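Student: Structure of the sequence below:
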Amino acid sequence: MFFFESPAGLFLAVLSIIIAMGAQMRVKSAYSKYSRINISSGLTGAEVAHRMVRNIGVSVVQSTGGRLSDHFNPRTKTIALSPEVFNGRTVAALGIAAHEAGHALQYNQSYAPVKVRNGILPLAQIGSTMAMPLVMLGLFFSSMTFLIDLGILFFLAALTFQIITLPVEFNASRRAVEILERNSYLQGSELSGAKSMLNAAAMTYVAAVVTSLLQLLRLLILANRRR
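Tutor: Okay, here's the model as predicted:
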């Protein structure tokens, strides 16, 4: 797509890359820092996650492969934690485990943004798959420029999903911090560290929205030039 770019479009593309890389570097740095700080309670990430969700029907907290691969699967009601988090007794391990348990609590309480996000998920998946191919076809074939507009509409669906994801992620982190503090799973500087790490992780979602907005602006510039 760079073949069709104007100087403004190229600038937006480079800016998007810088923002995305910066957010990823920040979260990796925070994780590396707080995964080296052991906690006083001696609990593992798996133990904390299980305690948080044991009364809401989420009975499975399991270890999964990979690094930073932690997630909650609402279909199976399973919290999957990477080995370092599952077995870890560090600030990072408890923060991440509690965050994923926070997502389980959201589903259990029918948190509104989760319901909205799930409702538009099928359209967002189609949008993320179809948007760029449609734009490219519209750029290559002058008689099919309407495909650019269609691609932009699909892209908007995917962007909407990303925007709705923001309150979901921030709320899960807020729930995590509140429970970690209320139950004294983390204390003092441990809790502050968990907040910092979760904030860094949340910023990756903010960065994703910003880069998508910049991408949308690029697409609008391309569409305008093509016309």
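
Student: When you work out contacts or count neighbours from here on, use the C-alpha atoms and nothing else.
Tutor: Noted.

Student: list the contacts for R218?
Tutor: When contacts are counted by Cα atoms under 8 Å, 6 or more residues apart in numbering, R218 is found next to 8-9, 12-13.

Student: Mind checking which of those residues are buried?
Tutor: Neighbour-count burial within those applies to 9, 12-13; the criterion is 16 or more other Cα atoms under 10 Å.

Student: Single out whichever of these has the smallest pLDDT.
Tutor: In terms of pLDDT, the lowest of the buried ones among the contacts of R218 is G9, showing 79.

Student: which one of the buried ones among the contacts of R218 is nearest S142?
Tutor: G9 (19.8 Å; Cα to Cα).

Student: The closest one contacts N224, doesn't it?
Tutor: No. Counting by Cα atoms under 8 Å, N224 is not a contact partner of G9; they are 11.7 Å apart.

Student: residues in contact with the residue of the chain positioned farthest from its centre?
Tutor: Of all residues in the chain, S143 has its C-alpha farthest from the mean position, at 38.1 Å, by Cα atoms, centre = their mean. For S143, the contact set (Cα under 8 Å, 6+ apart) is empty.

Student: tell me the SS of it?
Tutor: The local conformation at S143, judged by DSSP: H, G, I helix; E, B strand; the rest coil, is helix.

Student: What about P7, how many residues nearby?
Tutor: By other Cα atoms under 10 Å, 8 other residues sit near P7.

Student: Quick check: what element follows the least confident helix or strand in the chain by mean pLDDT along the chain?
Tutor: Counting by mean pLDDT, DSSP states H and E, the weakest-scoring helix or strand in the chain turns out to be strand 60-63, with a mean of 89. Next along the chain after strand 60-63, taking DSSP states H and E as the criterion, comes strand 71-73.

Student: Counting neighbours, which bits of that following strand end up buried?
Tutor: Residues of strand 71-73 classed as buried: 71-72 (neighbour count, 16+ other Cα under 10 Å).

Student: What mean pLDDT does it get?
Tutor: Summarised as a single mean, pLDDT over strand 71-73 is 94.

Student: strand partners of that strand, parallel vs antiparallel please.
Tutor: Note on strand 71-73: by DSSP bridges, its sheet partners are strand 78-81 (antiparallel).

Student: Would you mind writing the CA trace of the helix or strand that the partner strand is followed by as CSV?
Tutor: Of the helices and strands lying after strand 78-81 in sequence (DSSP H and E), the nearest is helix 83-86. Output for helix 83-86, consisting of C-alpha atoms alone and laid out as CSV, is shown next (Å, rounded to 0.1, in the frame of the first residue of the first chain):
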residue,chain,number,x,y,z
PRO,A,83,3.9,-20.8,33.4
GLU,A,84,5.7,-17.8,34.8
VAL,A,85,2.3,-16.4,36.0
PHE,A,86,0.8,-19.7,37.0
